[in-house]
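Undergrad: coords below, sequence missing:
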């Protein structure tokens, strides 16, 4: 039975990956920060297991992205490293290294431990943030896997974008120079939505929560691509046995949608809720950004069309991505059902 090590298993994406691995018959060793997080993962995935006994194929180790302790031992007798652990926030951070160090150092720490343990297959969770933080040339129609974010440009300089870009760059460089025998694949998701497995979900889902709670007086003129968390997990798991995926990057993205379209969809779904659907003037957005880090982080993208191509993934994985409206509505229904409001 193939054994897979999943770092960051208690994360929003990590839980879905763990679930799909168990349902597909893999043995999973998962890293968490504490035993409390291990209990959280068990409680989240157990109700969704096809075979309840599959939970016996799940074990845990406590690891820290910023400490070497335990990593080499944890990767012993593992066939596949699936590194999903990386901090994610769209709030303003005072020190960008709060995001960059765990992302870069944690990725290299996991790869070094895998190399030392003789692991030959790695699936790395990256992001479209490592792809679209650069201006396209006149000859380029869309962003694809050949593009790399320029962390020195305005589009690529925010701490989260830098953390994902530098971490993925470091991973490819390590494989090329130190561990060429390791076959690595990176999955680069756009904004991830889809119903969480429990109430401990990440930043991307909280963005939708913000719209449901009418936190803003108007919606920003912002469009972005969305991908369902189940599709992201499926791409990770299916990559394991895909020879053609070795040494490749894959964008995970369905269709694009604007904040205003999301708000109108949620208003149709929940007509009783006071959801804001009007467009925010640019001046208002700049004023709000003075007080809100989440808003400040999206200012460079206002009014720009989404130009992200996931054709490579659609072809290579024979993927038909879950449609955006389904992902949004299912996520919103989960949030409403568990909000107590």
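TA: It's in. Every value quoted in this text rests on a predicted model; they were computed, and no experiment measured them.
Undergrad: can you pull the pLDDT of residue 112?
TA: In this prediction, residue 112 carries a pLDDT score of 97.
Undergrad: what helices and strands are in contact with the helix or strand hosting it?
TA: Residue 112 belongs to helix 97-117 when elements are defined using DSSP states H and E. Counting contacts by 3 or more Cβ pairs under 8 Å, 6 or more residues apart in numbering; DSSP states H and E, helix 97-117 packs against strand 3-7, helix 71-74, strand 80-83, strand 121-125, helix 159-177. Glycine gets a C-beta too; all of them are placed from N, C-alpha and C.
Undergrad: now do it: distance to the chain's middle.
TA: What separates the centre of helix 97-117 from the centre of its chain is 17 Å, taken as Cα atoms, centre = their mean, to the nearest Å.
Undergrad: picking up where we left off before, could the helices and strands packed on helix 97-117 go into JSON lines alongside mean pLDDT, distance to residue 238 and mean neighbour count?
TA: JSON lines is the format used below for the helices and strands packed on helix 97-117 (pLDDT from 0 to 100; distance: least, Cβ to Cβ, whole Å; neighbours: other Cβ atoms under 10 Å):
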{"stretch": "strand 3-7", "mean pLDDT": "97", "distance to residue 238": "13", "mean neighbour count": "26"}
{"stretch": "helix 71-74", "mean pLDDT": "94", "distance to residue 238": "24", "mean neighbour count": "18"}
{"stretch": "strand 80-83", "mean pLDDT": "97", "distance to residue 238": "12", "mean neighbour count": "26"}
{"stretch": "strand 121-125", "mean pLDDT": "98", "distance to residue 238": "10", "mean neighbour count": "25"}
{"stretch": "helix 159-177", "mean pLDDT": "95", "distance to residue 238": "20", "mean neighbour count": "20"}
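Undergrad: the helix holding residue 112 versus helix 159-177: what angle between them?
TA: If you take axes from the mean of the first three to the mean of the last three Cα atoms, to 10 degrees, helix 97-117 sits at 20 degrees to helix 159-177.
Undergrad: picking up where we left off before, ok, which of the helices and strands packed on helix 97-117 comes nearest residue 132?
TA: Of all the helices and strands packed on helix 97-117, helix 159-177 sits nearest to residue 132, with 8.7 Å by Cβ to Cβ.
Undergrad: quick one: residues in contact with that closest one.
TA: If you take Cβ atoms under 8 Å, 6 or more residues apart in numbering as the criterion, helix 159-177 is touched by 86-90, 93, 96, 98-100, 102-104, 106-108, 111-112, 122, 124, 126-127, 129-130, 133, 148-149, 151, 155-156, 182, 184, 186, 188, 297.
Undergrad: who's in contact with the nearest residue to residue 128 once chain neighbours are set aside?
TA: Using Cβ to Cβ, 6 or more residues apart in numbering and skipping the chain neighbours, the partner closest in space to residue 128 is residue 190 (4.8 Å). With contact taken as Cβ under 8 Å, 6+ apart, residue 190 is in contact with 128, 224, 225, 226, 227, 251, 252, 253, 254, 308.
Undergrad: what's in contact with the helix or strand where residue 206 lies?
TA: With secondary structure defined by DSSP H and E, residue 206 is part of helix 203-212. The contact list for helix 203-212, computed with Cβ under 8 Å, 6+ apart, reads 12, 88-90, 191-193, 196, 216, 219, 259, 262-263, 266, 270, 273, 275-276, 294, 328, 331-332, 335-336, 339.
Undergrad: which strands and helices sit next to the very next helix or strand once past it?
TA: Beyond helix 203-212 in the direction of the C-terminus, DSSP H and E gives the next helix or strand as strand 223-228. Where contact means 3+ Cβ pairs under 8 Å, 6+ apart, strand 223-228 is packed against strand 191-193, strand 256-258, helix 324-339.
Undergrad: quick one, the helix or strand following strand 223-228 and helix 203-212 angle?
TA: Helices and strands here follow DSSP H and E; after strand 223-228, the next one along the chain is helix 229-239. If you take the same axes, to 10 degrees, helix 229-239 sits at 170 degrees to helix 203-212.
Undergrad: ok, residues contacting helix 229-239?
TA: Helix 229-239 is contacted from outside by 12-13, 16-17, 19-21, 24, 26, 82, 84, 123, 125, 185, 187, 189, 192-196, 245, 250, 252, 254, 313, 317, 319, 321-322, 327, using Cβ under 8 Å, 6+ apart.
Undergrad: those in helices, which ones?
TA: Residues of these located in helices (DSSP state H): 12, 13, 16, 17, 19, 20, 21, 313, 327.
Undergrad: nearest to residue 284, of those?
TA: residue 327 (28.1 Å).
Undergrad: state the distance from that closest one to residue 184.
TA: For residue 327, the distance to residue 184 equals 27 Å [Cβ to Cβ, to the nearest Å].
Undergrad: any residues touching stretch 61-76, and which ones?
TA: With Cβ under 8 Å, 6+ apart as the contact definition, stretch 61-76 has outside contacts at 5, 7, 29-35, 81, 85-86, 101-102, 105-106, 109-110, 112-114, 116-117, 119.
Undergrad: out of these, which end up buried?
TA: 5, 7, 29-32, 81, 85-86, 101-102, 105-106, 109-110, 112-114, 117, 119 (16 or more other Cβ atoms under 10 Å).
Undergrad: the bottom helix or strand of this structure by mean pLDDT?
TA: The weakest-scoring helix or strand in the chain, judged by mean pLDDT, DSSP states H and E, is helix 293-298 (a mean of 66).
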